[in-house]
Each structure stands twice: as structure tokens, then as C-alpha cells.
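Visitor: pasting the sequence and the predicted coordinates here, then a few questions.
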Amino acid sequence: MQRLYDFLRRHPTGVDTFWAVVLLGFSLLWVASNTPAVDRPVAFAGVAVLFSLVVALRRRAPERMLLLAVGLGLVQLGFGLEPFLADFAMLVIIFTVAAHDGPRWASRLALIGGLCAATLAQLRWPAEGPGSPAATVFFTIIMTVPFALAWVLGDSLRTRRAYFAQLEERASRLEQEREAQAKVAVAAERARIARELHDVVAHNVSVMVVQADGAAYVMDSSPETAKQALETISTTGRQALAEMRRLLGILRTGEHQEAGEYVPQPDVQQIEDLVEQVRGAGLTVDFAIEGSPRPLPSGVELTAYRIVQEALTNTRKHGGPDVGASVRLVYFDDGLGLLVEDDGRGAPQEMYEDGGADGRGHGLIGMRERVGMVGGTLDAGPRPGGGFRISALLPLKPAH
């Protein structure tokens, strides 16, 4: 049954032609059976053929078939061909034009023609015998109802189709928007993970390189110092691996079941541990906290930690020998201030002129992106008197 239904939907003109042939057959049968009473059977037969054509081509050319039906109706009125079975095609074409998403003039013409058809027929062929005007009006209204109903049904079908088409378009648009948002979210997540990996690798590997160089230098003269340096390298390496395992676990579904332990996101309280680690690597760091420490949003705490981590890493990379640094955390009423300075030779000029892309990393670019994500401000550049300065203000609430 479903296959038959699909076949009929794929061949609408064939279905219409079948019903047109049926209508033509019954119309010609009516003309033949009423030949003694019908004075012009050939004219009736010709009108029946044309009305059948209207039914057969109603979906291929609805506007043209409507005009043909209107013309045939006027011919009937002009030549006195009283209504007969073939006039049923008028109901069909009115319904078709109203349901078709075509020019609105055709739908209006179909409605006007349908409402006027019964009245014009009653005026052209008044009922024989005595009859009250009220009965005539009532009969005319009854004959007008099928035409009005055909138009209303067709227009309702057109409106319903347009509504479903709009829903499909909206669903398609929402699907495209969801895909676009998903792509943006994936890109943002990748950028975040890239920044995290950069911070983890740059800081920890830098500490390991410094400790390894120091151990190699004092291996013969001070084995105990070399041993401590190797222990620092081992601890730093394990910490780096743990953090990288946490980050890479984000990229794999179910990784939390396979990776084992996870390292919590760094916060402001761990900055002091970070400073101690850097001191252990041989860099002199002065650390101070001003104001009253209090809980901060997790995004602000992570941003503060990564800024200090990146700043101290850059100090070791670009500060030169015998460099010293200072870290200040200032708690304001509406935010957290960070100030990281060193007295070394500073970073290359292009590093802060180009926003942080020094050809070997994207540290300052990552800082600016992190600060921008929490609605803060960042100022980085040479310090008067030599060295480098990084100043950041992180608000407690993101800026609108």
C-alpha cells in the first residue's frame, strides 16, 4: 500500500488525468442521456472536454487552468449552457489555486469567482415556478458554500505547508548555528589546552634544564648538590607529566577511567609554591602579598597563577645571569592585582611590540588572551632602569 501511495505522489499529473477522464466520461454520459432535452449537445461536449483538461493540468499550470475555467464559465453564461456535471472542475481548480503557493491574484480571483458563480447562475437560470425571494436567496447561499469551502480548505493547506516549511528552515538554521557554535567551542577549547600545555611545558622544562646544567657543573665538586638538583628534576618531571595527563585526558572520552590521578587546577595559593620551586632552580625571587586574601573565581585564580608562571619562565629565559625577580599580589575590593618584575636584560624588543610572538613561543599572547577572558587588563614591557615588568589587573566579575 505504501508503494502505491509513493507511486501516486511521484506522478501527480497521471492521477489528475485519471480523474479528468472519469469526469469527462460521466459528463458525456449525462449529455448523451439528456440529448432530447439538450438542444446543443456538441457545445456541452466541448465544454466538458475543456473542463476535463482543467482537472488534468491543474497542478502543472494552476493559474492558466483557472483562467480557462473562468472563461468556460463566462461562455456558459453567454451561450446559455446550463450548469452540468463538468462544472465540478470549478470546485477542483478553486481548491488547487488556493492551495498553490503562487501569485496572490490567482487565489483572490478564485475566491471571487467561486462566490459569484452561484449568484450568476441563479440570475441566468432562475428557478421555474412560484418561489419566495427568501427561498431564492437561501438556495443561492447553499450553492455558494461548496465554492467557499473549497477555497478555505485550499488556503488552509497552503498555510500549513508554509508553516511546516518555515519550521524546517528554522530547524536547519538552528542546526547550522549549533554546528558553528560547536566548532567555535572546539577551537576555543583547543586554544585553552594549547595555552595550558605551553605553560606546563615551558615552565617545568625550563626548571629541569637549569637544574640539569647545574648538576652537570657541580657533579665532581659537590655531589650532594648535584643529587639535590637531580631530585628537583625528578619532582618537576613528575609534576609536568601529571599536569599533561590531566590536559590530554580532556581530549579523550572516558580518559578519567584510564589516566588515574588528576591534578587540580592551580590557584593563587599555589603561587608561593611556584616561587619556592623557582628559587630552588637558582633564581632569586622576592614574593609579597598585600591586602586581605580571600576566595576568588576559579578563572581568576588560574589566570593569576599562569601569568606568574609565564613571567618567571621568561625571566629565566631572557633575564641573563644573576637576575632577580619580584612578585606582588595585591587584593583590591573589586579585583586582584599582579606585578612581576625582574632586573635582568629584558626580553627582545619584538617580543612585546608584536604582542608576544618572539619566534620561539607565544607567552605574552597567551597572557593577554587569559586576561581578556576574565575581563582584565595587562601591561607588559621594559622596566625603567632595565629589566622587564608585567602588570595585570583581574576583576572579580567579568566586564560586560
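Guide: Right, received. Where do you want to start? In this text the structure is predicted, and so the values were computed from the model without any measurement.
Visitor: show me the helices in the chain, by range?
Guide: Listed in chain order, the helices of the chain (DSSP state H) span 2-10, 12-33, 41-56, 62-79, 88-99, 104-124, 133-218, 223-250, 271-280, 298-318, 349-353, 363-373.
Visitor: name the helices or strands packed onto the longest one?
Guide: Contacts defined by 3 or more CB pairs under 8 Å, 6 or more residues apart in numbering; DSSP states H and E place helix 133-218 against helix 88-99, helix 104-124, helix 223-250, helix 298-318, helix 363-373. All C-beta atoms are positioned from the backbone trio N, CA, C, and that covers glycine.
Visitor: ok, now with 10 Å
Guide: Packing partners of helix 133-218 (3 or more CB pairs under 10 Å, 6 or more residues apart in numbering; DSSP states H and E): helix 88-99, helix 104-124, helix 223-250, helix 271-280, helix 298-318, helix 363-373.
Visitor: in the stretch 201-350 of the chain, where is pLDDT below threshold?
Guide: 201-204, 243-264, 346-350 (pLDDT under 70).
Visitor: any idea how far Gly73 is from the most centrally placed residue in the chain?
Guide: Central residue of the chain (CA atoms, centre = their mean): Glu177, 0.9 Å from the mean position. For Glu177, the distance to Gly73 equals 51 Å [CB to CB, to the nearest Å].
Visitor: one more: Val308?
Guide: Distance from Val308 to Gly73, by CB to CB: 89 Å.
Visitor: same list, the helices of the chain, but as JSON lines with distance to Asp342 please.
Guide: Formatted as JSON lines, these follow (distance: least, CB to CB, whole Å):
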{"stretch": "helix 2-10", "distance to Asp342": "77"}
{"stretch": "helix 12-33", "distance to Asp342": "81"}
{"stretch": "helix 41-56", "distance to Asp342": "90"}
{"stretch": "helix 62-79", "distance to Asp342": "82"}
{"stretch": "helix 88-99", "distance to Asp342": "79"}
{"stretch": "helix 104-124", "distance to Asp342": "76"}
{"stretch": "helix 133-218", "distance to Asp342": "14"}
{"stretch": "helix 223-250", "distance to Asp342": "21"}
{"stretch": "helix 271-280", "distance to Asp342": "11"}
{"stretch": "helix 298-318", "distance to Asp342": "4"}
{"stretch": "helix 349-353", "distance to Asp342": "14"}
{"stretch": "helix 363-373", "distance to Asp342": "14"}
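Visitor: which one, of the ones you listed, ends up nearest to Val340?
Guide: helix 298-318 (3.8 Å; CB to CB).
Visitor: now the angle from that closest one to helix 133-218?
Guide: Helix 298-318 and helix 133-218 are oriented at 40 degrees to each other (axes from the mean of the first three to the mean of the last three CA atoms, to 10 degrees).
Visitor: any idea of the angle helix 298-318 forms with helix 271-280?
Guide: 10 degrees.
Visitor: check contacts around Tyr119.
Guide: Quick fix: residue 119 is Thr, not Tyr. Val137, Thr140, Ile141, Met143, Thr144 (CB atoms under 10 Å, 6 or more residues apart in numbering).
Visitor: what does Leu396 give?
Guide: Counted by CB under 10 Å, 6+ apart, Leu396 has contacts Arg294, Leu296, Pro297, Val300, Phe332, Asp333, Asp334, Gly335, Leu336, Val374, Gly375.
Visitor: how much space between it and Arg195?
Guide: From Leu396 to Arg195 the distance is 22 Å (CB to CB).
Visitor: just to revisit the earlier point, for Met219, state which of the contacts of Thr119 is nearest.
Guide: Checking the contacts of Thr119 against Met219 by CB to CB gives Thr144 as the nearest, at 109.9 Å.
Visitor: check contacts around Glu276.
Guide: Counted by CB under 10 Å, 6+ apart, Glu276 has contacts Val285, Phe287.
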